[in-house]
Structure formats: C-alpha cells, structure tokens
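Novice: only geometry, no sequence info:
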C-alpha cells in the first residue's frame, strides 16, 4: 500500500453551486482519513476548503450557477497543499479581507475562518487561462498508527 | 439538514440535525427568525449537527441579534467539537450562551 506522502492528490471538478458542497466535503473527509490526518486538523481543512468554495460561489461567480470549481489537495511531506481554482472574472486580492470580529454581524466570517485554520493562503491568477487560484497550505498533524 | 421545534420548561427548543451549510442555512435562518419572533426563549439544540459553516453561524448571529432587540432569551446547546471549533474561531463562544447539554440549557432558562 502506498504511504500517505506518495498517495495521489485529490482532484475534483464540480459545479459552483451550494448543493455540490456536501459531496465535495465527503470526498475530502474520506481522503484526509486515508492520509491519517488528526481529527481536529481534518476539521479545519474541510472547513477552510468549504469556505473557499463558498467565496467562489458567492463572490467570484456571484451566484451564477454555470461556473465550475477545480479543487486539488496534495499531501506533500508534512504539509497539505490545496488549490481552489475558478473560471470567474479576476477578483482583486486586496478586496478580500476578513472583517474585524468585534463587529458582531451575520456575514463576512468565511475569510476569517480560512485564515485562522490555514498556515498560509494566497489568492492570485492561475498559471494559464482565466479565473482565480487560491492556494492554501496546512501543516499536518497525523494520527498515530493505532488511530490515536 | 433536518429540524424540529418543541417546547419544554418555557423554552422553545429548535433542534437541527445534519449539515447546516450554504445549501441549508437559508432554511435554518427562516426557522430561527420565526421562532425568535414568538418572543419565547429559544434554545438551539446543536447535538445532531455534524457540520456548520459560516453561513450557518451567520443565521445564528442574526437570530441572536433579533432576540436581543426584543429582550428574548437565546442560547445554544450541545455543539459537537467541530461546531464548537467554528464558534471559537469566529470568537462567538464568548458572545453566545452555550450549554453543554440541552437539559442544562433548559434548567438555566426555567
């Protein structure tokens, strides 16, 4: 059996719609389990990827239902490298800011959650073609071989 | 996501089950705002919630704010570790009253 470091990355392409997110989360959870990620770490990763996809759906495609999202999650050594790519008009990274949390209001939490859960995030252009590319890195904590 | 509403010891218990995500949070929001509008104390039972995202949290915040305006009690009960983690990251664990169990939440309100 291949070790976690050599395991194939998770690659998903799915419509940028709210009803697609559950399937994405299930596939991601399953892969993170196979990579033996610590439960808390896996929770953070699933949440951050879900919030990133929500940002794409709501802000990049602005709710337009025909767009696609490409997700790649790669386990490399002691870190997880995540790429969330869309094909929407370019988003200005300077405009994506978490809001101050002392202001209690319903929206705008997603970006804060992503930055809290990830060790590094960077929004830019894909190497080729249209759209936006969000790269995220999470340093890993793995469960022991006995599942603890 | 599923939900149920029942009353006990003067509180309205709104229980959600499953995943309160972008697809289902509009429904959660509607249920919460409707129940808060009845001006009875609302206790949100999160024990069967496997996952809650920022849109689900936003629904809780909106209902909490509406409750506050009308002087209606509003509290959360029994979030699992994943839900509690999101509340902590959003620093809302200090804003909401959160009870470890529904029973504790009901006793505190009666």
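Specialist: Alright, I've got the coordinates. Note that the coordinates shown come from a computational prediction; the quantities given were computed from them, not determined experimentally.
Novice: Which stretches in chain B count as helices?
Specialist: Using DSSP state H, the helices of chain B run over residues B:25-36, B:54-69, B:81-89, B:102-109.
Novice: Are stretch B:42-53 and chain A in contact anywhere?
Specialist: Yes. Counting by C-beta under 8 Å from any C-beta of the partner chain, chain A has neighbours in stretch B:42-53: B:51, B:53. For glycine as for every other residue, the C-beta is placed from the backbone atoms N, C-alpha and C.
Novice: circling back to that earlier point, pick the most deeply packed of the helices of chain B.
Specialist: With neighbours taken as mean count of other C-beta atoms under 10 Å in any protein chain shown, these reach their highest mean count in helix B:54-69, at a mean of 21.
Novice: ok, and what's touching that one?
Specialist: The contact list for helix B:54-69 (C-beta atoms under 8 Å, 6 or more residues apart in numbering or on different chains) reads A:51, A:54, A:104-107, A:109-110, A:113, B:20-22, B:24-26, B:28-29, B:32-33, B:35-37, B:42, B:44, B:72-74, B:76, B:86-87, B:90, B:92, B:95-96.
Novice: Please pick the buried ones from the residues you listed.
Specialist: With burial judged by 16 or more other C-beta atoms under 10 Å in any protein chain shown, the buried subset of the contacts of helix B:54-69 is A:51, A:54, A:106, A:109-110, A:113, B:20-22, B:24-25, B:28-29, B:32, B:35-36, B:42, B:44, B:72-74, B:76, B:86-87, B:90, B:92, B:96.
Novice: Just those: which are in strands?
Specialist: Among the buried ones among the contacts of helix B:54-69, the members falling in strands (DSSP state E) are B:20, B:42, B:44, B:74, B:76.
Novice: Identify, from those residues, the entry nearest to chain A.
Specialist: Chain A has its nearest neighbour among these in residue B:20, at 11.3 Å by C-beta to the nearest C-beta.
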